[in-house]
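# quick check, what structure comes out for this input:
(one chain, ligands or ions: 2)
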Amino acid sequence: MDVTAIIESLNAAQREAVCADEHDQLVLAGAGSGKTRVLVHRIAWLLATAGHSPHDLLAVTFTNKAAREMRLRLEALLGLNLRSMWVGTFHSLSHRLLRTHWKDAQLPQHFQILDSDDQLRVIKRLMKDLGVDDDRFPPKQAQWFINGQKDEGRRAAHVLARGEFERGMAEIYAAYEERCQQQGLVDFAELLLRALELLRDTPLLLQHYQNRFKHILVDEFQDTNTLQYAWLRLLRGPNSCLMAVGDDDQSIYGWRGAKIENIQRFTEDFSGAKTVRLEQNYRSTGTILDAANALISHNTGRLGKELWTDGASGEPISVYAAFNEQDEARFIVDLIQQHVQDGGLRRECAILYRSNAQSRTLEETLLRQQVPYRIYGGQRFYERLEIKNALAYLRLMVNRDDAPAFERVINTPTRGIGTTTLEKLRARARDEGQSLWQAAIEMISGGLLKGRAATSVQAFIQLIERLDEQSLPLPLHEQVELVLNDTQLMDFHAQEKGEKGQARVENLKELITAVRQYDPALPVTMSDDGEINLEGRAALEHFLAEATLDAGDTQAEEDQDAVQMMTLHTAKGLEFPLVFIAGVEEGLFPHQMSIEEGADRLEEERRLCYVGITRAMKKLYLTHAESRRIYGRDNLCRPSRFISELPENLLQEVRLRASISRPVSARPQVRHQGMAQSQAEEVGLRVGQQVSHPKFGAGIILHAEGDGPKTRLLINFDEVGEKWLVLGFAPLTPLD
Ligand SMILES: Nc1ncnc2c1ncn2[C@@H]1O[C@H](COP(=O)(O)OP(=O)(O)OP(=O)(O)O)[C@@H](O)[C@H]1O
Ligand SMILES: [Mg+2]
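Ligands and ions are numbered 1, 2, ... in the order given. Prediction:
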């Protein structure tokens, strides 16, 4: 086999790690220094020169996609088929162990994996059966508790419960353990814990695997949790070697139990381990690297390392202060279009953001400009569970006979309507050729539903009727706000602890913002002053139709050239020529919760920013909005402290308004209300411009959509607040 191919593209430090003798190694190095490359080449080296077979090796990656890529790279490097090699995530490898040794693991042969939603369902049912008060012990908190304990390797019997609440939680945990065991169900955390116990408690098996895996290699080691580290320690046999590669500056999963300390423990637990440091970065320009180094130097307690590159310093980092999030999205999408026009590919561009909810405005702008995009590691906005729930309520308000909507929300949030009741409703609807809604009404009035079921269904019907009636006179965004609050959907999702619940609440708030900005293409009523009337059901129907269509637009095909969108967390390990980090604002990034939770969390946010910056190869844009709508309201935003932590000489402020905000009135197709049109063209009204209106007074243009005299403007008036106006009808005078 050709060994030169394996080592020729490595620098001296990388080669040292790749060609090392058989001992434990810790490769501790900054972003883009070739850690993942070293890991892959080490495997190739072991196979090509050290007489190992793929059977002897185990490689742990952070995602399944990374595992697939690793295998492909190896196969290309070696010209071998490596299907038999164990490469995967902690979860997939644990699963493989349990499938093979289901009997020793005390599992039924066809045990089922519970995803997070299934797990919650099991917990809820169980609590109901036990008669546990779910106000005092919210099921989602129970789920959080159980997974947290498992991640620390603790079974219910070993939980040290303090106080009544924790004792209650521990009891739920114990009952949950029992039920999963009875039913052959295994949740994600259980996969790892069970695999660990399997090996620990079955000495022959442990010996077998310890002997088998001569080399264990782990990428992204800084993000392993207690259980994963224990798993690695157990599996590494007396005659095997462990290679861990990682970067303490990129530890971003502390909130999920990852332990940076595992890096320090490594050299204690494996005393013969050699530490290799890589300092040359091959990914980014000098400027990007200097910025990353400067940013991360604000953290304390680092293991300390510098990165350098002998490449060009490249272009400065562009910082764009957008007027608002619409302007921000437009700025980004325009630049991507420009990049494509200049012969670049869309897939070379990545838009990274801190919270999922931020994707909505970006998605809409991309859709509008017909730029294919892919959301990596996540769903499109209108496909997200909480959004679908909210839309289902709205759909029922518009059309009571909407069966999928009815089914989706009749028991969401939980209101004690079980499958038996639902079955009865379905049967009746089927037999009588009615909608579920109609069936429900008739079964109640006919006394065919009894007791709690009858009361709950009745309450549900009344809720929808009341929402319909109360919301009708309200502006659209208030209708949605009313629905989210009165159905308790917001509270329901807020109870889901941790990042997930928080993301769901943020998405629901974003829905209100979306609705508030929603501008039905037509027909709308308009007052004499050119103000668009967004009230009534027509607007809601239009909105729902568009949301459904947005969701129906399939993601770009795998092989289609598409812009890559993802959260900063998901971007770990990846690289792109052109990177945009959007929403670099105080409260958003760093996230408000992290600011409140103190120094450790804030440092984790800074590491996340470091991860974001170091994804960029050639050009990095940081954008922030001066005003951002959250929960339908405009908030003034300050640029993130992270921007001020970057050396000024590396930054270039984009002279925004002049370059980006184009006149709102593009060439008109029709002459229509000629006066206003020519007036607008002459003065070139722009987003961000101050204007005055004879009735509403002075205001500022927040947003503009459409062309010519039909251009719709969102204007925030000092006196009367925000209004949508149609340019061709609105007598506006520019003030600046
Ligand atoms: N010796 C080298 N010569 C040329 N290119 C290299 C070399 N080492 C690494 N690279 C390239 O540099 C880029 C970064 O490498 P890699 O992804 O392995 O870094 P990493 O340390 O794993 O980064 P991260 O911390 O972001 O996971 C890749 O495009 C890789 O191919
Ligand atoms: Mg890597």
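# chain neighbours aside, what residue packs nearest to residue 603?
Among residues not flanking residue 603 along the chain, residue 299 sits closest, at 4.8 Å (CB to CB, 6 or more residues apart in numbering). (C-beta placed from N, C-alpha, C; glycine too.)
# likewise for residue 49?
residue 3 (5.8 Å).
# distance check, that neighbour against residue 45.
8 Å (CB to CB, to the nearest Å).
# try residue 141
Counting by CB to CB, the gap from residue 141 to residue 45 is 48 Å.
# just the CA atoms of stretch 253-261, as CSV, please.
The C-alpha coordinates for stretch 253-261 follow below in CSV (Å, rounded to 0.1, in the frame of the first residue of the first chain):
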residue,chain,number,x,y,z
TYR,A,253,-22.2,21.3,25.0
GLY,A,254,-21.7,22.1,28.7
TRP,A,255,-25.4,22.8,29.0
ARG,A,256,-26.0,19.2,27.9
GLY,A,257,-23.6,17.7,30.4
ALA,A,258,-20.3,17.7,28.4
LYS,A,259,-17.3,18.0,30.6
ILE,A,260,-14.3,20.0,29.4
GLU,A,261,-12.5,18.5,32.4
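# what's it in contact with?
Under the contact criterion CB atoms under 8 Å, 6 or more residues apart in numbering, stretch 253-261 has outside partners 148, 151-152, 222-226, 229, 248, 251-252, 498-499, 569, 600-601, 604.
# do that again at 10 Å, thanks
Residues from elsewhere that reach stretch 253-261 (CB atoms under 10 Å, 6 or more residues apart in numbering): 62, 147-148, 150-152, 189, 220-229, 246, 248-252, 265, 301-303, 498-499, 569, 572, 593-594, 597, 600-601, 603-604, 607-608.
# which members of those residues are classed as buried?
The neighbour-count test (16 or more other CB atoms under 10 Å) marks 62, 147-148, 150-152, 189, 220-229, 246, 248-252, 499, 569, 572, 594, 601, 603-604, 607-608 as buried among the contacts of stretch 253-261.
# restricted to helices, list the residues you listed.
Within the buried ones among the contacts of stretch 253-261, residues falling in helices by DSSP state H are 147-148, 150-151, 189, 226-229, 499, 594, 601, 603-604, 607-608.
# pretty sure residue 178 is in a helix, no?
Yes: according to DSSP: H, G, I helix; E, B strand; the rest coil, residue 178 belongs to a helix.
# and it, how many neighbours?
Around residue 178 there are 12 other residues, counting by other CB atoms under 10 Å.
# same question for residue 436.
When neighbours are defined as other CB under 10 Å, residue 436 has 22 of them.
# picking that back up, keep only the contacts of stretch 253-261 that also lie close to ligand 1.
Near ligand 1, taking CB under 6 Å from any ligand atom as the test, the members of the contacts of stretch 253-261 found are residue 250.
# ok, which stretches of the stretch 601-736 of the chain are strands?
Along the stretch 601-736 of the chain, the segments classed as strands by DSSP state E, counting those that start in this stretch run 616-630, 633-636, 651-653, 690-693, 697-705, 712-717, 721-726, 733-734.
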